[in-house]
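Q: Using only what follows, build the 3D model:
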Amino acid sequence: MTSAARVSILIPCYNSASFIDRTLYFARGQTYGDLTIRVSIDTGEDSTPQIVRAHAARDARIVVHEQPRRLGWAGNVNFLLGQVDTPYFFLYFHDDILLPQYTESMLERLRSRPQAAGAYCDMGHFGDASHVSTGPPYLGTTAGRLLTLMLAPERGSPLRAMLRTELAGRLRLPQMDTGGFWANEPFLMTMLIAGALEHVPEVLYLRWSNRSGG
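A: Numbers count the residues shown, from 1 in each chain. Prediction:
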C-alpha cells in the first residue's frame, strides 16, 4: 500500500492526546495527497492510540505503529526512519502544525534541485512565543555546509526539512540509554554531509513554543 506513495510524513508521538488530533488533521489536509502518514506511538499513559486509530480508520494513508515498550525520542524517530519506503520523507513533530501547502512546496523545490539532499522552510512559532525562525541555504562543499551550520547567526529549522531518501535515507539519531533531544545536533551534521539543503523563504511550518511540559 505505502510503496506507491511519493512522500512519507513521519510523526513520532508520546502522550499526545491533547494535540495529536490537530496534528493529524493538518497532515491529512496537505494539498499534495500522494502520501504515507506513519505514526509511531511510543508507550504512554493517555488516549493517543485511540485518537490515532480513529484517524486511520477514516484515512487509508495513515499507518499506525504502536510500540510495545518505551523507545524514547531518538529510538522512536529511528524506528520511523527505518520504515521509509518512499522517495521523500520528513519528520513532523507531534505538537506542530503543517500549513496545507508545505509538502507541495518542499517537493517542488527538491524536484527543481535534483542534487539537493533536502529542503526546509521558515518556521513560525505560536504559544508563549511569537516570531519566525529563518535561516540560510546550506550549499557548496561539505565543509562549507558544516561551517554555515556552526557560524550562521540563525540556523533556521533544518531538522524539519523534507529529505530525499536516495541521499539521506540512512540518517539516524544517535542513541544513549538516557535518550533525549541532545541527539539532534549530530543528526543535523550528518544531514548536511549527505548533501545540500535548500531554503524556501516562506513560513509553511509552525512550532508550538514553550508550552507547559514541552
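
Q: tell me, how many neighbours does the closest residue to residue 195 other than its chain neighbours end up with?
A: What sits nearest to residue 195 in space, not counting adjacent residues and going by Cβ to Cβ, 6 or more residues apart in numbering, is residue 117, at 2.9 Å. C-beta: built from backbone N, CA, C; applies to glycine. A count of nearby residues for residue 117, using other Cβ atoms under 10 Å, gives 26.

Q: likewise residue 107?
A: By the criterion of other Cβ under 10 Å, residue 107 has 19 neighbours.

Q: For it, which three-state class applies?
A: For residue 107, the secondary structure call by DSSP: H, G, I helix; E, B strand; the rest coil comes out as helix.

Q: That one reaches residue 8, doesn't it?
A: No. Proximity of residue 107 to residue 8 does not meet the contact threshold set by Cβ atoms under 8 Å, at 11.9 Å.

Q: which residues do the two both contact?
A: residue 88 (Cβ atoms under 8 Å, 6 or more residues apart in numbering).

Q: which residue is nearest the centroid of this protein?
A: residue 91 (1.4 Å; Cα atoms, centre = their mean).

Q: separation between that one and residue 31?
A: To residue 31, residue 91 is 20 Å away according to Cβ to Cβ, to the nearest Å.

Q: what does residue 44 give?
A: Distance of residue 44 to residue 31, given as Cβ to Cβ: 31 Å.
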